[in-house]
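[1] predicted model and sequence follow; I will ask about them next.
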Amino acid sequence: MQPAGGPMSDRRQSRLERMLARLATQKACLEFAQRELAGRPGVLLELGLGKGRTYDHLRKLFPAREIHVFDRAVHAPPDCIPPADCLWLGDLREQLASPRIAALQVALVHADLGSDDSAGDAHLAAALAPLIDGLLDAGALVLSDREMQVPRWRQLPLPLAARGWAYFVYRVDR
Ligand SMILES: C[S@@+](CC[C@H](N)C(=O)[O-])C[C@H]1O[C@@H](n2cnc3c(N)ncnc32)[C@H](O)[C@@H]1O
């Protein structure tokens with residue numbers, strides 16, 4: 001009997017392999033940002049708390065930085081829930097417009113918002129890109145699991161360890 005999902009040979013990558021590639025890519029991109037931002041001040045914005053995996057890695061990489069974290073609701077384990085004054089619940093399009101966020105100097109935005117709805121994701125990414133851009137000065141970095149197009153953002157090559165999964169690294173140019 002065939003396993004559910006059909007013969008393995010029909011599939012280029014199993015779900016396990018895709019998950020491994022995604023996590024390795026995210027880890028490599030976050031670590032690239034750590035190196036790039038050394039000496040540059042600013043807080044971090046984590047868009048998409050989810051299970052808290054990338055938030056937990058960011059706080060390990062950037063122990064001295066404030067990290068503001070956004071999601072519709074909390075589904076992370078208790079040890080990955082940000083402090084209340086850095087946790088923003090609700091739709092991102094509204095939360096990012098908060099005057100308290102606008103007053104921050106932001107060094108890095110990590111947007112990890114992807115779902116199985118690629119059209120919905122593209123629509124959200126297009127709506128968020130100008131909102132994110134309005135928070136950034138030249139030299140800030142944006143990492144995203146969905147493409148975003150902003151004229152003054154320059155796409156950087158992915159770090160070598162991040163080549164197995166689509167991810168987007170941008171630096172604000174001017
Ligand atoms: C892929 S998960 C994040 C995974 C997380 N970074 C991790 O490492 O565990 C995407 C998250 O984005 C959140 N999200 C998607 N669209 C959103 C929106 N418009 N406003 C707020 N949160 C949103 C979802 O609720 C979901 O928890």
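    Thanks, I have the structure now. Since this is a predicted model, take the numbers as computed values, not measurements.
[2] following the helix or strand hosting R18, which helix or strand comes up?
    Assigned by DSSP states H and E, R18 falls within helix 15-36. Later in the chain than helix 15-36, the nearest helix or strand by DSSP H and E is strand 43-47.
[3] and that following strand, what other elements does it pack with?
    Here strand 43-47 touches helix 53-61, strand 67-71, strand 106-111, going by 3 or more C-beta pairs under 8 Å, 6 or more residues apart in numbering; DSSP states H and E. For glycine as for every other residue, the C-beta is placed from the backbone atoms N, C-alpha and C.
[4] where does this protein have low pLDDT?
    Where the chain drops to pLDDT under 70, the residues are 1-11.
[5] and it, which residues reach the ligand?
    48, 50-54, 70-72, 91-92, 112-114, 124 (C-beta under 6 Å from any ligand atom).
[6] so what's A73 up against?
    L89 (C-beta atoms under 8 Å, 6 or more residues apart in numbering).
[7] what of R59?
    By C-beta under 8 Å, 6+ apart, the neighbours of R59 are I67.
[8] give me the element whichever residue of the chain sits closest to the ligand is part of.
    Among the residues of the chain, G50 lies closest to the ligand, at 2.4 Å counting by C-beta to the nearest ligand atom. G50 belongs to no helix or strand when elements are defined using DSSP H and E.
[9] thought it was touching V69?
    No: judged on C-beta atoms under 8 Å, G50 makes no contact with V69 at a distance of 10.0 Å.
[10] give the other helices and strands that the helix holding R18 contacts.
    helix 53-61, strand 106-111, strand 136-144, strand 168-172.
[11] relative to strand 43-47, how tilted is that helix?
    Using axes from the mean of the first three to the mean of the last three C-alpha atoms, to 10 degrees, the inter-axis angle of helix 15-36 relative to strand 43-47 is 160 degrees.
[12] buried residues in helix 15-36?
    Of all the residues in helix 15-36, those buried under the rule 16 or more other C-beta atoms under 10 Å are A21, R22, T25, Q26, K27, A28, C29, L30, F32, A33, E36.
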